[in-house]
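Engineer: Return atomic coordinates for the entry below.
(chains A and B)
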Amino acid sequence: MKYLMFVCTDPTTPSDETGEGTLGVEEWVDKYDGSGKRLIGQRTRPAEDATSVRRRKGEVLVTDGPYAESRDWIAGFDVLECADLDEAISIAAEHPMAAGGRIELRPFWDDE
Amino acid sequence: MNRARPSREDVSRALAGALAEQRLRIVASLIRTTHDWDLAEDVVADAAERALRRWPEDGVPSNPAAWLTTTARRRAVDLLRRADTERAKLAEVALMDDLASTEQPTPAGAVSDDRLRLVFTCCHPALPLEGRVALTCKVVAGLSTEAVARAFLVSEATMSQRLLRAKQKIAHAGIGYTVPTADMLPGRVDGVLAVVYLVFTTGWAARADDALAEEAIRLGRLLVELMPDADEPRGLLALMLLQHARRAARLVDGELVTLEHQDRSRWDVAGIEEARALAALPGGGRGPYRLQAELAAVHATAPDAAQTDWPAIVRLYDELLLLHPSPVVGLNRAIAVAMADGPHAGLAALDALAEDRALRGFHLLPAARGDLLARAGRTTEALTELREAARLAPTERERRQLERRRAELSG
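Structural biologist: Numbers count the residues shown, from 1 in each chain, chains lettered A, B, ... in the order given. All right, here's what the predicted structure looks like:
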């Protein structure tokens, strides 16, 4: 199964500064690139550099900033290929932002 | 063999026994081979219906459990053949392989693995709590959707929807049909225990639904059977048995009676003995369920409230607070302190808790204060606290119990 892993800040709960149980970000990338579980990933620039695009009645509407209602912002993403959710949870739980923020796992829509 | 036709009672007894023995095993192994939860549940229900039609005519088979298993599996193969999709074909192959390898009696380990997989899948933390509870009651305990809906005070349609959504999330999010790996296992076991205890307390706390509490105890026995080396499942089972042992004494004429005033001759001695034997087994670490069971066991073996070993209870609460700092545990500890060292010491312990935000609006805090103030002879203050407690009480039954206490005190 493929999972999109959103790496997010988390305004709702204080972060764990010790980072206990997580790896450094380079170590994490090397480990899961090495095992073939991480297919691709990248940091993204912050919300102030975001642009929203919509099309309504044919007209393209471009606005500055992220999706308005989200208080947390996406700091990056990775795509994982895992046997099941538990494997993806284990990998996500070792990412430094699991302690510094929050990781959201979204399974890919299954297009078989 | 020329058998006499069995009576209706013989048939239903044999079927109930076969279902108790085999239903969960059949469902759990079919989910693994077919990945189809509804099919797994349906074919067992179908096999049970066939038994009710056939056994009165043909006689009860010599091994009803084996008959049920074979009938359910044949039906599964039949349905998969009819479905005639790629997915169904794969499932059929897996099922035939499984049948071939289980023609001989399987080692106990392999069988219990499927049941354990099912339990962990139903209680996966990626499912909403109400979904975990619903799946556990429906698929593991084998209750009907209607019975689960009734137990959790929702309509059957709502419960069906809840079950459907939980099964969909399992499929869509890729929740594996596995026993968690060692690093995840302790947390996941805690999660399973919490679900079972929630089923128990739902039956127990406000509604006195003995049947639901008994289902939870059955689930507790299953967890002890499936995880014989773990200490906390035994602790949970002991705790539930001890609480359930008081069922005949806790309600009189539909009204709640507090532990202190219960007629202890009505407690179920067999349940208490079973629980004490479980709690006495040596365990690795003493977790929160084990400690709560030990606490309940101190009460269960005391002839009355006055002769209870309160200092032992205070010590157990201290241990529990180290594991699980919780204002509710602190509240119970303060009551035990009052019983051990007098109401003034108890009130001092309660005052230390009064600032805790988590207890704000919690009816048992003023209830405990009212009780201790009454014991200290401060009746006017006690009445004020009890009125506040009755105002905050979450159930009508608890409100009435607090009002009665107030009436006794002012009378």
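
Engineer: When you work out contacts or count neighbours from here on, use the C-alpha atoms and nothing else.
Structural biologist: Noted.

Engineer: Next to chain B, which bits of chain A? Give me the list.
Structural biologist: A:1, A:83-86, A:106-107, A:109-110 (Cα under 8 Å from any Cα of the partner chain).

Engineer: Output those residues as JSON lines; include the columns distance to B:Glu41, secondary structure and pLDDT.
Structural biologist: Below are the residues of chain A next to chain B laid out as JSON lines (distance: Cα to Cα, whole Å; DSSP: H, G, I helix; E, B strand; the rest coil; pLDDT from 0 to 100):
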{"residue": "A:Met1", "distance to B:Glu41": "26", "secondary structure": "coil", "pLDDT": "94"}
{"residue": "A:Ala83", "distance to B:Glu41": "26", "secondary structure": "coil", "pLDDT": "95"}
{"residue": "A:Asp84", "distance to B:Glu41": "23", "secondary structure": "coil", "pLDDT": "95"}
{"residue": "A:Leu85", "distance to B:Glu41": "24", "secondary structure": "helix", "pLDDT": "96"}
{"residue": "A:Asp86", "distance to B:Glu41": "25", "secondary structure": "helix", "pLDDT": "96"}
{"residue": "A:Arg106", "distance to B:Glu41": "29", "secondary structure": "strand", "pLDDT": "96"}
{"residue": "A:Pro107", "distance to B:Glu41": "27", "secondary structure": "strand", "pLDDT": "96"}
{"residue": "A:Trp109", "distance to B:Glu41": "27", "secondary structure": "coil", "pLDDT": "90"}
{"residue": "A:Asp110", "distance to B:Glu41": "25", "secondary structure": "coil", "pLDDT": "76"}
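
Engineer: List only buried entries from the residues you listed.
Structural biologist: A:1, A:84-86, A:107 (16 or more other Cα atoms under 10 Å in any protein chain shown).

Engineer: Show the pLDDT at the residue lying farthest from the centre of chain A.
Structural biologist: Centroid-distance maximum for chain A: A:Lys57 at 31.6 Å, with Cα atoms, centre = their mean. At A:Lys57, the predicted lDDT confidence score is 93.

Engineer: Now it: phi and psi?
Structural biologist: phi 50, psi 40 (degrees, to the nearest 10).

Engineer: Give me the buried positions along the helix or strand hosting B:Val148.
Structural biologist: Element membership of B:Val148, judged by DSSP states H and E, is helix B:145-151. For helix B:145-151, burial by neighbour count (16+ other Cα under 10 Å) applies to B:145, B:147-149, B:151.

Engineer: what are the ranges of the strands in the chain?
Structural biologist: Just going to use chain A. A:2-8, A:38-43, A:51-56, A:59-64, A:74-81, A:102-107 (DSSP state E).

Engineer: my question was about chain B
Structural biologist: Under DSSP E, chain B gives strands at B:251-252, B:255-256.

Engineer: and the gap between the closest residue to B:Leu223 other than its chain neighbours and chain A?
Structural biologist: Among residues not flanking B:Leu223 along the chain, B:Pro233 sits closest, at 6.1 Å (Cα to Cα, 6 or more residues apart in numbering or on different chains). Going from B:Pro233 to chain A by Cα to the nearest Cα, to the nearest Å gives 23 Å.

Engineer: Contact partners for B:Pro233?
Structural biologist: Shown in contact with B:Pro233 (Cα atoms under 8 Å, 6 or more residues apart in numbering or on different chains): B:193, B:220, B:223-224, B:227, B:289.

Engineer: do you know which of the strands of chain B lies nearest chain A?
Structural biologist: strand B:255-256 (39.9 Å; Cα to the nearest Cα).

Engineer: what helices or strands is that closest one leaning on?
Structural biologist: Using 3 or more Cα pairs under 8 Å, 6 or more residues apart in numbering or on different chains; DSSP states H and E, the elements in contact with strand B:255-256 are helix B:396-410.

Engineer: So which bits of the longest helix anywhere in chain B are buried?
Structural biologist: The helix that spans the most residues within chain B, counting by DSSP state H, is helix B:8-34. Counting neighbours by 16+ other Cα under 10 Å, one finds that the buried residues in helix B:8-34 are B:11-12, B:14-16, B:18-19, B:22-34.

Engineer: same check, this time on stretch B:222-239
Structural biologist: Result for stretch B:222-239 [16+ other Cα under 10 Å]: buried residues B:222-224, B:226-227, B:230-239.

Engineer: just stretch B:197-213 next, same as before
Structural biologist: Buried-residue list, stretch B:197-213, by 16+ other Cα under 10 Å: B:197-204, B:208, B:212-213.

Engineer: how about the residues of chain B near chain A?
Structural biologist: Near chain A, when you scan chain B using Cα under 8 Å from any Cα, you find B:172-176, B:180.

Engineer: Reformat the residues you listed into CSV and put pLDDT, neighbour count and distance to B:Ala407 next to each item.
Structural biologist: CSV is the format used below for these (pLDDT from 0 to 100; neighbours: other Cα atoms under 10 Å in any protein chain shown; distance: Cα to Cα, whole Å):
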residue, pLDDT, neighbour count, distance to B:Ala407
B:His172, 93, 16, 57
B:Ala173, 94, 21, 56
B:Gly174, 94, 21, 57
B:Ile175, 96, 21, 54
B:Gly176, 94, 20, 56
B:Pro180, 93, 20, 54
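
Engineer: Let's have those in JSON lines, adding distance to B:Ala334.
Structural biologist: Listed next are the residues of chain B next to chain A as JSON lines, based on distance: Cα to Cα, whole Å:
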{"residue": "B:His172", "distance to B:Ala334": "48"}
{"residue": "B:Ala173", "distance to B:Ala334": "45"}
{"residue": "B:Gly174", "distance to B:Ala334": "46"}
{"residue": "B:Ile175", "distance to B:Ala334": "43"}
{"residue": "B:Gly176", "distance to B:Ala334": "44"}
{"residue": "B:Pro180", "distance to B:Ala334": "39"}
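
Engineer: Output the contacting helices and strands for the helix or strand bottoming out on mean pLDDT in chain B.
Structural biologist: In chain B, no helix or strand scores lower on mean pLDDT, DSSP states H and E than helix B:86-101, which sits at a mean of 74. Counting contacts by 3+ Cα pairs under 8 Å, 6+ apart, helix B:86-101 packs against helix B:8-34, helix B:64-83.
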